[in-house]
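Engineer: test case, fold it:
(2 chains)
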2 protein chains.
Amino acid sequence: MSKSVVEDAVVARLQRLLRRPSAAVQTGIGDDCAAVRGGRRGFLTLLKTDCVVEGRHFLPRESARAVGWKAACRAVSDLAACGGVPRFALVTCVLRRGQTGRWIDDLYRGLEKAAREYGFDLVGGELAGTDGPAVISVTLTGEVRAKDMVRRAGGRAGDLLFVTGTLGGSLASGWHLRFRPRVEEARWLVAHFRPRAMLDLSDGLAADLPRLAAASGTGFVVDPSSVPRRRGVPVRQALGDGEDFELLFAVAPRAAARLEAAWKKKFPRVRLTRIGRLAGRGVAEGLGAVRGYDHFAA
Amino acid sequence: MSKSVVEDAVVARLQRLLRRPSAAVQTGIGDDCAAVRGGRRGFLTLLKTDCVVEGRHFLPRESARAVGWKAACRAVSDLAACGGVPRFALVTCVLRRGQTGRWIDDLYRGLEKAAREYGFDLVGGELAGTDGPAVISVTLTGEVRAKDMVRRAGGRAGDLLFVTGTLGGSLASGWHLRFRPRVEEARWLVAHFRPRAMLDLSDGLAADLPRLAAASGTGFVVDPSSVPRRRGVPVRQALGDGEDFELLFAVAPRAAARLEAAWKKKFPRVRLTRIGRLAGRGVAEGLGAVRGYDHFAA
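Structural biologist: Next comes the predicted model:
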């Protein structure tokens, strides 16, 4: 539950409002995924729900297949950021008139493409109608070895910050409909360099980095000119556009040089960029006045 | 995935369209819940997603707390019908302008009341905005001993059909906002009388019984005058209104008398009514031209 500035306030209120979860809950409201016990021995079960709303996350003219791909991959991206892999998906489609059987078929083709690609099963769902914009909500379960689980918390002052890929211009370039969640990259990172904190950039670096820092109890220093941008995208947009679905993570400084070299070998076509570091609590440098994309204000 | 006549056609299409699920999936699209392996030894993990749409499943004037209760309890009811108990819930709130922090707090109070009552944890969720009616989608995980799992399929010609409670008039009476899912009753049934097929009545007997019969490969004969009705509700509404959230189940004829006597002792305040029987495939008597509530046609 983490997609806007408003949402941060709501999450904080709910964390106060709701009773303490049971002992089976290892990570509850406020991280990329919930993590619970009760699955395979030595593993945590990851639970994530996410949704796309017509007119906000996709346009009526966009292909239902691309919408299905996006709806599934958003949740896959969150699981990846925890170091996990997806297992089972449930899909709720709240459709408006005009979204016929063919639209639903195409939506499911996109969902299934993601399922094949990332190795999960579509096991159920729900259909309802609405007089407003359509809503597609995807719930994904997954799993991660308990020792491999990466959270937003865990970063320390001095850790170096990295991002994958390039940021900004996701809507204009169509990236938001065809991105590939960084599952393989995240699993490799966890296996070899064990990030101390990680998340997937969905609301823009300017919104998401402060969340990672807050969860870790640290501040941050970013060099905005170092932030990798999609071609033609100004810094402000790279920080604020959102829907990048790239990984942002913090690693111990001593691991940085080795990580950069190994990454280049393993993923020669995916950029990895050092953009700054975590700092003492209260420090917040380099993001200026840019805030991430706020789905409520849109 | 099963809430309207349109939906039945969509489900059937998707079952043809989608590739076969992996071996971990014991029950996929088309039943009350999905059931998957990979949890505790000897147990199946149940997965269910369900949603309520403003203007269809609740009205803007209705209390957010009652909406939260209903949104959670609809999914609890589906788990109960499989013989299971809930464990973890994820909530997606797609809200419109005017649904402020207080509305969200109250919604969560209703969700949490259900969580306390039925023993599950609220572990995460998602917030988004819409220009249309609000949508609250709840995903619930649960578990059931593999040997206790009850499906829609499994009924045989000759089995006797029972329903709990009284049917019809759910919207007018407010029952749809305050019903209590039959978790305890379902678990007792499974432990002592092992229904061969069971579901929870969400779209009305006239829509849901044909689904149970179709899944079981049987027909049905119902005596409409025997269907238990809420006070003042005509037969037609008892069959077609929907949102009853009562159990419909089939048991072997030899168990019927013992079941009726034991039920009266165990649940003296909940009616149990024999309404007919499963019959040979193709037989469909007693529901007349009534179809269940269709959320798409609403």
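Engineer: so where's the stretch 1-150 of chain A shaky on pLDDT?
Structural biologist: Low-confidence segments of the stretch 1-150 of chain A (pLDDT under 70): A:1-6.
Engineer: just give the number of residues close to the residue of it found nearest chain B.
Structural biologist: Across the stretch 1-150 of chain A, the shortest distance to chain B (C-beta to the nearest C-beta) belongs to A:G132, at 1.2 Å. Placement of C-beta: from N, CA and C, glycine included. When neighbours are counted by other C-beta atoms under 10 Å in any protein chain shown, A:G132 registers 21.
Engineer: ramachandran angles for it?
Structural biologist: Note on A:G132: its backbone torsions stand at phi -100, psi -160 [degrees, to the nearest 10].
Engineer: contacts only, for the nearest residue to it once chain neighbours are set aside.
Structural biologist: Setting aside the residues directly before and after it, A:G132 is nearest to B:G132 in space (C-beta to C-beta, 6 or more residues apart in numbering or on different chains), at 1.2 Å. The contact partners of B:G132, taken as C-beta atoms under 8 Å, 6 or more residues apart in numbering or on different chains, are A:R96, A:T130, A:D131, A:G132, A:P133, B:R96.
Engineer: pretty sure the first one contacts A:D131?
Structural biologist: Yes: if you go by C-beta atoms under 8 Å, A:R96 and A:D131 touch, sitting 6.9 Å apart.
Engineer: these two: who's more crowded?
Structural biologist: A:R96 (16 against 13).
Engineer: quick one: contacts for that one?
Structural biologist: By C-beta under 8 Å, 6+ apart, the neighbours of A:R96 are A:E54, A:G129, A:T130, A:D131, A:G132, A:P133, A:A134, B:G132.
Engineer: the stretch 51-200 of chain A: helices as residue ranges?
Structural biologist: With helices called from DSSP state H, counting those that start in this stretch, the stretch 51-200 of chain A shows them at A:64-81, A:101-118, A:170-173, A:175-178, A:183-192.
Engineer: most neighbours per residue, which of those?
Structural biologist: For these, average neighbour numbers computed from mean count of other C-beta atoms under 10 Å in any protein chain shown are highest in helix A:64-81, which has a mean of 26.
Engineer: let me know the angle separating it from helix A:183-192.
Structural biologist: 10 degrees (axes from the mean of the first three to the mean of the last three C-alpha atoms, to 10 degrees).
Engineer: flag every residue of the stretch 101-250 of chain A that's near chain B.
Structural biologist: Residues of the stretch 101-250 of chain A lying close to chain B by C-beta under 8 Å from any C-beta of the partner chain are A:101, A:104-105, A:108-109, A:112, A:116, A:121-133, A:135, A:137, A:139, A:141, A:143.
Engineer: please repeat the previous calculation with a cut-off of 10 Å.
Structural biologist: A:101, A:104-105, A:108-109, A:111-112, A:115-116, A:119-141, A:143 (C-beta under 10 Å from any C-beta of the partner chain).
Engineer: please name the residues that touch the closest residue to A:S170 other than its chain neighbours.
Structural biologist: Once flanking residues are discounted, A:S170 sits nearest to A:E243: 4.0 Å by C-beta to C-beta, 6+ apart. The neighbours of A:E243, taking C-beta atoms under 10 Å, 6 or more residues apart in numbering or on different chains as the test, are A:57, A:70, A:74, A:167-171, A:175-177, A:179, A:201-204, A:292-293.
Engineer: now A:E243, what's its secondary structure?
Structural biologist: Three-state call for A:E243 (DSSP: H, G, I helix; E, B strand; the rest coil): coil.
Engineer: where's it relative to chain B, distance?
Structural biologist: Distance, A:E243 to chain B, by C-beta to the nearest C-beta, to the nearest Å: 13 Å.
Engineer: okay, that residue: pLDDT?
Structural biologist: Model confidence at A:E243, given as pLDDT, is 95.
Engineer: tell me who's in contact with A:D131.
Structural biologist: When the contact criterion is C-beta under 10 Å, 6+ apart, the partners of A:D131 are A:R96, A:R97, B:V53, B:E54, B:G55, B:R56, B:G132, B:P133, B:A298.
Engineer: give me that answer again for 7 Å
Structural biologist: Contact partners of A:D131, counting by C-beta atoms under 7 Å, 6 or more residues apart in numbering or on different chains, are A:R96, B:G55, B:G132, B:P133.
Engineer: please apply the same query to A:A80.
Structural biologist: By C-beta under 7 Å, 6+ apart, the contact set of A:A80 is A:P181, A:R182, A:V183, A:A186, A:D200.
Engineer: what is the nearest of those to chain B?
Structural biologist: A:D200 (13.8 Å).
Engineer: okay, the closest one: pLDDT?
Structural biologist: At A:D200, the model reports a pLDDT of 96.
Engineer: with the one 4 residues further on instead?
Structural biologist: The model reports A:G204 with a pLDDT of 95.
Engineer: how near is A:W188 to chain B?
Structural biologist: In this structure, A:W188 and chain B are 24 Å apart, going by C-beta to the nearest C-beta.
Engineer: OK, contacts around that residue?
Structural biologist: A:K266.
Engineer: check A:P86 too.
Structural biologist: Applying C-beta under 7 Å, 6+ apart, we find A:P86 in contact with A:V76, A:L79, A:Y118, A:G119, A:F120, A:L140, A:G142.
Engineer: excluding its backbone neighbours, what's nearest A:V235?
Structural biologist: In this structure, A:V235 finds its nearest non-sequential neighbour in A:P224, 5.2 Å apart by C-beta to C-beta, 6+ apart.
Engineer: and the closest residue to A:A252 other than its chain neighbours, its phi and psi?
Structural biologist: In this structure, A:A252 finds its nearest non-sequential neighbour in A:D159, 6.1 Å apart by C-beta to C-beta, 6+ apart. Here is the backbone geometry of A:D159 (degrees, to the nearest 10): phi -60, psi 150.
Engineer: residues touching A:D159, list them.
Structural biologist: A:R196, A:A250, A:V251, A:A252, A:P253, A:R277, A:L278.
Engineer: how about those, which pair is most distant?
Structural biologist: Greatest spacing in the contacts of A:D159, by C-beta to C-beta: A:R196 and A:R277 (11.9 Å).
Engineer: as CSV, the helices of the stretch 51-200 of chain A with distance to B:R229 would be great.
Structural biologist: CSV is the format used below for these (distance: least, C-beta to C-beta, whole Å):
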stretch, distance to B:R229
helix A:64-81, 41
helix A:101-118, 35
helix A:170-173, 53
helix A:175-178, 50
helix A:183-192, 53
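Engineer: which secondary structure state does A:A256 sit in?
Structural biologist: helix.
Engineer: list the residues that contact it.
Structural biologist: Taking C-beta under 7 Å, 6+ apart, one finds A:L160, A:R274 in contact with A:A256.
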